[in-house]
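Undergrad: What follows is a predicted structure for the sequence shown.
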Amino acid sequence: MNDLKAYLEKRDALRAKTVPRLTLFCCGGTSCLSSASDVIIELLRGKVEAHGLEADIDVKQVGCLRLCGEGPLIFVEPDDITYVQVQVEDVDDIFTQHILNKQTVERLLVTEPDGSWVSSYREMPFYKTQHRIALRNCGEIDPRDIGAYIARDGYHALALCLLEQTPEQVIETIKQSGLRGRGGGGFPTGLKWAYTAAVKSEEKYVICNADEGDPGAFMDRSIIEGDPHSLVEAMTIAAYAIGAKQGYIYIRAEYAISIEPLKLALDKAREHGFLGDNIFGTTFCFDIDIKLGAGAFVCGEETALIRSMEGHRGEPDKKPPFPSESGFRDKPTSVNNVETFVNVPAIILNGAAWFASYGTEKSKGTKVFALAGNIKNIGLVEVPMGTTFNEIIYEIGGGHPEGKEIKGVQIGGPSGGVITRDYFDTPIDYDSLTAIGAMMGSGGMIVMDEDTDMVEIAKFYLDFTQEESCGKCTPCRIGTKRLFEILERLTSMQGEPSDLDKLETLARNIQAASLCGLGQSAPNPVLSTMKYFREEYEAYAYRTKKTKYTIDPKKCIGCTKCARVCPVACIRGVVREVHIVEEAECIACGACYDACPVDAVLRP
Amino acid sequence: MKNKILDISSLDRALLDQLDTYIKNLEGDNEENLIHVLHRAQALFGHLPHNLQLYVARALNLSGAKVNGVVTFYSFFNEEPTGKYVVSVCMGTACFVKGADKVLQKILDIIGTKKNEMSADGLFTVKDVRCIGACGLAPVVTINDKVYGKVQVNDVETLIGRYKGGQSA
Ligand SMILES: Cc1cc2nc3c(=O)[nH]c(=O)nc-3n(C[C@H](O)[C@H](O)[C@H](O)COP(=O)(O)O)c2cc1C
Ligand code: SF4
Ligand code: SF4
Ligand code: SF4
Ligand code: FES
Ligand code: FES
């Protein structure tokens, strides 16, 4: 393929080859695979084969279908049927009832609270309100099939760049689009590329940051698993723009099973001449290798990541110099996040103005969030920048699974802060979030309900950061430990009112004196929860916090379940009468809370 | 560690051969390859005892101190042996807000061991890990390569019970 015409012919031939037929899009994302979707796919394929229906029915393994909490998912097209929570035992029914007899298997549809079925994902608010750019191919194609990617205009953007545009033009388009880094910092991508391009050097590098350190986020992983070629294409475009010959994908060790489809994508891209020497017959040469992380959160920070790639302990370096000037092997290097990258081919194909038409004034395009926690619809959500928390939580997320009150949302992981109900109408973009003392982060969005103890949440994050601090600078190493210790003292009812001031002073010191973003942002969860939930801290500090479980007499139906599970037998009551906890004996194990069928047990 | 005599009598020769082949086929800078070699070594041997670290150091022409410095920095590498079953409880945020800490405690109680320490019978090592990317199934526990989702405190006894005999479930 040495010119655009050859590419277009190839693409059109692949399109012509794909005959419309009954297709089962079976989710092969991590969550669904963990619930045996691979077995389900194998069984379905076996049945199709046994009936000699290969020509009429396609059982496709695709990337995350986004509603992970309801997995394993299967979309049947063109029938427009969406099956959820499919089990291995359901394969027979799907095959016999649906495929052979053309009848929907109703019990596998999504059930509404009023008992009615929703047959198609297109009708579900979870999907309707989303808009996909970064996830455009995720769930649509078999990630192992490069032909499927090409048929959807894959590598078309690369061809356009190499054959018809100068590197300067590519950079200008990315600048004009307003694309900003999705890894947390929000730095303009076009500008970063321009800086790296401007440095004169024979050797330059493009690095994809796939470390995805925020615990509770799985956007990048899903993109790599569901649409690896978009990443490969985008990195190649970036390399052309900045003048690099070699690229690396730094991926966390915990994602070992995502690496296999990624490796396959790299091999296929090489086979087709999209990587390697003289791509599209030009003088441009580029290849990509994979570098494994080894379980260190700080290695998501770009200078630490580079140290780790060089085979060292992953300790951050002072900036400047920025990697664009002196990065991997001390050469100019552009580090970008997975989601940032996959926007690039779409921008090249559709134009900067198209991309900039989504979002708000200074935050263009969309953002992918991993929605999890105390929320009905758990999964991947891509929305235009400027969407409010209310829309994500109540429309897309469907609110609380049991209708409880939602108290706050944590975004930005251990570096971020908590957003309270009062701010749920804030449009989500880089600047609006900064204005309310939070940050965009990389896309983790954890919903917390009225039962969540905010001091425990802060302690949870500090436990994480004090363990992950690389130890290079004292304020972070010692400071995060002290913060954690104070929080631990508070939650074990050993605290003092003076601890609150201590927390605040210490937090400010760590923010001001730490070398890298980990330390600078580590106190954020403490400061933001202290700001909005001070009374919870005070209850611990003044030791007025209720610590025992109790039973709501208005709700208790006297089923005796709680009394039967209580390990210290401190729940009194007889069948069909209200039960009572002897608080003095209660060891706060929570067993009764989990056992009660009507949520009559109240947590402390 | 530099001047230590390398005693590899405790290491399986066949596995060392596999490691040698892996190292021989690597291209590029030894130092940059170190983390990949350590991943490979841990996959083969289960953990990275000091003599294995030293072996890797010699093979890559690096100092023992350098290799040990890297091994101890990254939480993915274990210097101590692990049990036959490595039980990893996800303590990512999505799992935490769904009670992963209680699940972890219950698992430790049932097995009767501490975090990161192999149980006396050599069967289990219990660890907490960061998000494994299956948050839709929170709370998540993995036992070796098998993933268990939506694990409740009450399920733990049965779950661990399946592995207690020593033959995998
Ligand atoms: C402690 C820390 C952890 C980080 N973790 C990640 C991460 O997991 N993924 C990521 O893309 N960026 C992470 N970053 C941001 C990177 O340093 C860098 O800004 C980013 O990869 C640049 O890509 P972008 O401009 O496309 O966002 C982290 C930063 C800090 C300070
Ligand atoms: S702030 Fe913390 S993580 Fe960052 S360099 Fe200092 S000690 Fe290391
Ligand atoms: S929390 Fe535990 S000890 Fe307390 S009443 Fe409930 S079951 Fe009994
Ligand atoms: S389990 Fe709930 S409803 Fe049943 S007796 Fe206990 S508190 Fe009452
Ligand atoms: S992994 Fe299947 S829906 Fe996300
Ligand atoms: S937080 Fe546990 S799997 Fe993501």
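TA: That came through, no problem. Ligands and ions are numbered 1, 2, ... in the order given.
Undergrad: Would you mind listing what in the stretch 451-600 of chain A touches ligand 3?
TA: A:549, A:565-566, A:568, A:570-571, A:581, A:586-592 (C-beta under 6 Å from any ligand atom). From N, CA and C alone the C-beta is placed, and that goes for glycine too.
Undergrad: Tell me where chain B is predicted with low confidence.
TA: Scanning chain B for pLDDT under 70 picks out the ranges B:1-4, B:167-169.
Undergrad: 80 instead, please
TA: B:1-5, B:166-169 (pLDDT under 80).
Undergrad: Which segments of it make up each domain?
TA: B:13-73, B:85-164 (automatic domain parsing).
Undergrad: what subset of the residues of the stretch 451-600 of chain A next to ligand 3 is also close to ligand 4?
TA: When contact is defined as C-beta under 6 Å from any ligand atom, these do not meet ligand 4 at all.
Undergrad: Return the closest of those with respect to ligand 1.
TA: Nearest to ligand 1 among those is A:Gly590, at 32.7 Å by C-beta to the nearest ligand atom.
Undergrad: Please work out how many residues are found near that closest one.
TA: A:Gly590: 15 surrounding residues under other C-beta atoms under 10 Å in any protein chain shown.
Undergrad: got it, and the one 4 residues further on?
TA: Counted with other C-beta under 10 Å, the burial measure for A:Asp594 works out to 16 neighbours.
Undergrad: if I pick the nearest residue to it once chain neighbours are set aside, what's in contact with it?
TA: Distance criterion C-beta to C-beta, 6 or more residues apart in numbering or on different chains; nearest residue to A:Asp594, sequence neighbours excluded, is B:Val153 at 6.3 Å. The contact partners of B:Val153, taken as C-beta atoms under 8 Å, 6 or more residues apart in numbering or on different chains, are A:Gly590, A:Ala591, A:Asp594, B:Gly99, B:Lys102, B:Val103, B:Lys106.
Undergrad: same question, A:Leu490
TA: Here A:Leu490 is in contact with A:Val455, A:Asp499, A:Tyr537, A:Tyr540, A:Ala541 (criterion: C-beta under 8 Å, 6+ apart).
Undergrad: what's the spacing between it and ligand 3?
TA: As judged by C-beta to the nearest ligand atom, to the nearest Å, A:Leu490 and ligand 3 stand 21 Å apart.
Undergrad: Just the local confidence number for that residue, please.
TA: If you check A:Leu490, the pLDDT there is 96.
Undergrad: A:Val418: which element?
TA: strand A:417-420 (DSSP states H and E).
Undergrad: Give the other helices and strands that that strand contacts.
TA: With contacts taken as 3 or more C-beta pairs under 8 Å, 6 or more residues apart in numbering or on different chains; DSSP states H and E, strand A:417-420 sits against strand A:406-411, helix A:524-532.
Undergrad: Ligand 5 is nearest to which of these?
TA: That would be strand A:406-411 among the helices and strands packed on strand A:417-420, by C-beta to the nearest ligand atom, at 19.7 Å.
Undergrad: Give me the angle between that closest one and helix A:524-532.
TA: 150 degrees (axes from the mean of the first three to the mean of the last three C-alpha atoms, to 10 degrees).
Undergrad: mean confidence for strand A:406-411?
TA: Here strand A:406-411 scores 95 as its mean pLDDT.
Undergrad: A:Trp117: neighbouring residues, count only.
TA: Neighbour count for A:Trp117, taken as other C-beta under 10 Å: 12.
Undergrad: returning to what we had before: which pair of the contacts of B:Val153 spans the longest distance?
TA: Using C-beta to C-beta, these span at most 13.0 Å, a distance reached by A:Ala591 and B:Val103.
Undergrad: Looking at the two, which has the bigger crowd around it?
TA: Each of A:Ala591 and B:Val103 has its neighbours counted (other C-beta under 10 Å); B:Val103 has more, 25 against 22.
Undergrad: Show me the residue of the stretch 101-250 of chain A that gets nearest to ligand 4, please.
TA: Per C-beta to the nearest ligand atom, the residue of the stretch 101-250 of chain A with the smallest distance to ligand 4 is A:Pro113, at 22.0 Å.
Undergrad: Could you report the distance from that residue to B:Gly136?
TA: As judged by C-beta to C-beta, to the nearest Å, A:Pro113 and B:Gly136 stand 21 Å apart.
Undergrad: Could you check the pLDDT of the residue lying closest to A:Asp287 once chain neighbours are set aside?
TA: What sits nearest to A:Asp287 in space, not counting adjacent residues and going by C-beta to C-beta, 6+ apart, is A:Leu275, at 5.3 Å. At A:Leu275, the pLDDT value in this model is 98.
Undergrad: I figured A:Leu275 hits A:Ala269, correct?
TA: Yes - with contact defined as C-beta atoms under 8 Å, A:Leu275 counts as touching A:Ala269 (4.5 Å).
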